[in-house]
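Novice: give the three-dimensional model of this entry:
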Amino acid sequence: QVQLVESGGGLVQPGGSLRLSCAASGSSFSAYAMGWFRQAPGKEREFVAGISNSANTNYVDSVKGRFTISRDDAKNTLYLQMNTLKTEDTAVYYCAQSRWSWFTNTDSTFEYWGQGTQVTVSS
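Specialist: Sure, this is the predicted structure:
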């Protein structure tokens with residue numbers, strides 16, 4: 001059974017940085033694309049960033065230039081480096097594993113999900 005466990009969330013001031021991690025187990029991590037999604041209170045879950053098994057990446061426009069997704073296949077770990085955080089980045093962030101080596105920005109591409117980690121950007 002695939003398990004995804006996020007960590008690294010917390011409270012940060014606007015302009016600050018956080019690095020989220022997602023530890024994966026139970027699958028051939030390197031074979032699959034991975035992604036980060038987020039859900040703010042009262043809003044639908046949205047795609048944030050994705051990375052294929054060959055490290056091709058894509059981002060939602062609102063985080064381009066501020067967030068970086070990366071993966072360490074030797075450690076079975078996915079990362080999201082978040083810089084210049086804004087109050088509108090406040091949300092629960094979810095790690096997800098794609099059904100395939102590639103990904104799209106839609107939920108249905110992803111088969112397994114973590115439990116989420118809270119990111120709060122506030123002064």
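Novice: ok, now which ones touch residue 32?
Specialist: Residues near residue 32 by CB atoms under 8 Å, 6 or more residues apart in numbering: 53, 97, 98, 99, 100, 101. (C-beta placed from N, C-alpha, C; glycine too.)
Novice: show me the shaky parts of this protein.
Specialist: Judged by pLDDT under 70, the chain has no weakly predicted residues.
Novice: which stretches of it form helices?
Specialist: For the chain, helices defined by DSSP state H do not occur.
Novice: max pairwise distance over the contacts of residue 32: which two?
Specialist: Largest separation among the contacts of residue 32 by CB to CB: 53 and 99, giving 12.1 Å.
Novice: settle it for me: which of those two has more neighbours?
Specialist: Legend: neighbour count by other CB atoms under 10 Å for residue 53 and residue 99, higher for residue 53 (19 against 13).
Novice: which non-adjacent residue is nearest that one?
Specialist: Leaving out its chain neighbours, the residue that sits closest to residue 53 by CB to CB, 6 or more residues apart in numbering is residue 101, at 4.2 Å.
Novice: what residue lies at the spatial centre of this structure?
Specialist: residue 36 (2.3 Å; CA atoms, centre = their mean).
Novice: burial count for the closest residue in space to residue 26 that isn't next to it in sequence?
Specialist: Residue nearest to residue 26 in three dimensions, not counting chain neighbours: residue 2, with 4.3 Å by CB to CB, 6+ apart. Neighbour count for residue 2, taken as other CB under 10 Å: 15.
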